[in-house]
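Below is the sequence, then the predicted model.
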Amino acid sequence: MKKRLLILVSAAVLLLSGCSHKITSAVIAGQTYSNLQKTQSAEMDLDLKLGADVDTSALSQSLLGISLPMGEHATGTIALTMSCETTSEPSAMHGTGGLNLGIPLLGDIPMEVYTVREGGDNVMYTNIMGMYGRKVLPAPEEGAEEKDSWYKSLFGAWKAVSDDTLSMEEETVDRDGKECYLLHARFPSSLLYEFLTSSADLSMLQKEEAGVDFGDQKTPVDIYVDKESLLPYVLAVSDTDFVNTITSQTKLNGVTLNAMDLTVTFKSFNSVEAITVPQEMTEAAAGR
C-alpha cells in the first residue's frame, strides 16, 4: 500500500508540476491507473482471434447436431468481436458482436451479453443465435481482495507497479492518430482469463465447465496510453503460452488452440448511462 501511494504521489508531482525529471514507466502506469479509477464508465471494442486446429465434423456435431462434411481437420481462426459499454458503480457490462468459429457454412454467430450484479453475485445473461442463457460467474476465492469493476479489472495488476516489471518505449508512438506512451508489461494470466470469460460466454467450445490454473504464469501485454489524457487507449496481447495453458487444462470439443491475439480499444470514458438487462431477456433466460 505504501509503495502504491508513493508511486501515485510521484506521478502527480512529476506530471502536474512540469518537472524536468525523467518520466518512467512506473510513473505513467501509476498515474494512468489513478485516472482510470476516477472514471465511472467506458465504451470499448474487443477483438479476439484464436488460432486453432478445428475438427469441423466434431465441432459442427456438438453445436448444430449435424456433422458437416468439411474435412476432419482444418487450420483456421476463431474470431470474437464485441462492442462493449460498461459502468463502474454498479459494475455492469453490455456487449454486442459476433463469434466466428471458422466453419464456412456457419458464418458469424450473433451474440449479446450482459454481465450485472444480482444480490452478491456477478451474473451473465447471453443471447446467442436466439438461444438465451443465464449463468452465475465464479466468485472470488475466500479472503481475496475485492476486485475492480469489469473494465478496470485488467489494470488491477498496476496497483503495485515498479520499473522492474514494466518498460516503456523512449519515444511516444502514433496509434490511430493519437500520441501515446507505449508500455510493455506482464499481467497475471489468471487476471486476463477472468476478463475474457466475463466478457463473453465461450462455454460452447467446451465439453464441460472447467477452471484453469495458471499458477504464477504471466502474459506479456502492450499498453498504449493516451499522452493527453493519461488514460488507456489500446491494450494488445499476442501470446501462445496463454492458450497452451488453456488447451492443456480444458476439454475443447473439436478445437485445439495454438495462438491468441487480443486487442481492447477504449473509445470513450464517462459516456454510458445505467446498464439494465431487458425484461424480455431475463424472462427468456428463465424459460418464461
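It's in.

Output the below-cut-off pLDDT ranges for the stretch 1-150 of the chain.
Flagging of the stretch 1-150 of the chain using pLDDT under 70 yields the residue ranges 1-21, 56-75, 103-105, 139-148.

all helices of it, in order?
Counting by DSSP state H, counting those that start in this stretch, one finds helices in the stretch 1-150 of the chain at the ranges 2-17, 25-37, 56-64.

Now do the contacts for Lys227.
Counting by CB atoms under 8 Å, 6 or more residues apart in numbering, Lys227 touches Thr172, Lys178, Glu179, Cys180, Tyr181. For the C-beta atoms, the positions are set from N, CA and C on the backbone; glycine is no exception.

so what's Ser238 closest to, chain neighbours aside?
Spatial nearest neighbour of Ser238, excluding adjacent residues (CB to CB, 6 or more residues apart in numbering): Asp261 at 4.9 Å.

Next: Asp53.
In this structure, Asp53 finds its nearest non-sequential neighbour in Thr256, 4.5 Å apart by CB to CB, 6+ apart.

Same question for Val272.
Per CB to CB, 6+ apart, closest to Val272 is Ser41, 3.7 Å.

need the contact list for the one you found.
Neighbours of Ser41 in contact, by CB under 8 Å, 6+ apart: Glu85, Thr86, Thr87, Ser88, Phe269, Asn270, Ser271, Val272, Glu273.

Go again with 6 Å.
For Ser41, the contact set (CB atoms under 6 Å, 6 or more residues apart in numbering) comprises Thr87, Asn270, Val272.

wait, is the last one part of a strand?
This points to Val272. No: counting by DSSP: H, G, I helix; E, B strand; the rest coil, Val272 is not found in a strand; it is coil.

The nearest residue to Ala286 once chain neighbours are set aside - how many residues pack around it?
Nearest residue to Ala286 in three dimensions, chain neighbours excluded: Arg134, at 7.0 Å (CB to CB, 6+ apart). Neighbour count of Arg134, defined by other CB atoms under 10 Å: 17.

What of the one 3 residues further on?
Using other CB under 10 Å, the number of residues around Leu137 comes to 13.

In this model Tyr125 seems to touch it, though I could be wrong.
No: Leu137 lies out of contact with Tyr125 (CB atoms under 6 Å); the separation is 11.2 Å.

Quick check: closest non-adjacent residue to Thr245.
Sequence neighbours aside, Phe214 is the residue nearest to Thr245 in space, at 5.8 Å (criterion: CB to CB, 6+ apart).

if I pick that neighbour, what's in contact with it?
By CB under 6 Å, 6+ apart, Phe214 lies in contact with Ser189, Ser190, Thr245.

Correct me if wrong: the first one contacts Thr219.
It refers to Ser189. Yes: contact criterion CB under 6 Å: Ser189 and Thr219 qualify, at 4.7 Å.

re earlier: specify the beta-bridge partners of the residue nearest to Ser238.
Going by DSSP bridges, Asp261 is paired in beta bridges with Lys49, Ser238.

How many residues are close by it?
A count of nearby residues for Asp261, using other CB under 10 Å, gives 15.

just Gly107 next, same as before
For Gly107, using other CB under 10 Å, the count is 10.

Please tell me how far it sits from Met129.
Separation of Gly107 from Met129 (CB to CB, to the nearest Å) stands at 11 Å.

Thanks a lot, see you next time.
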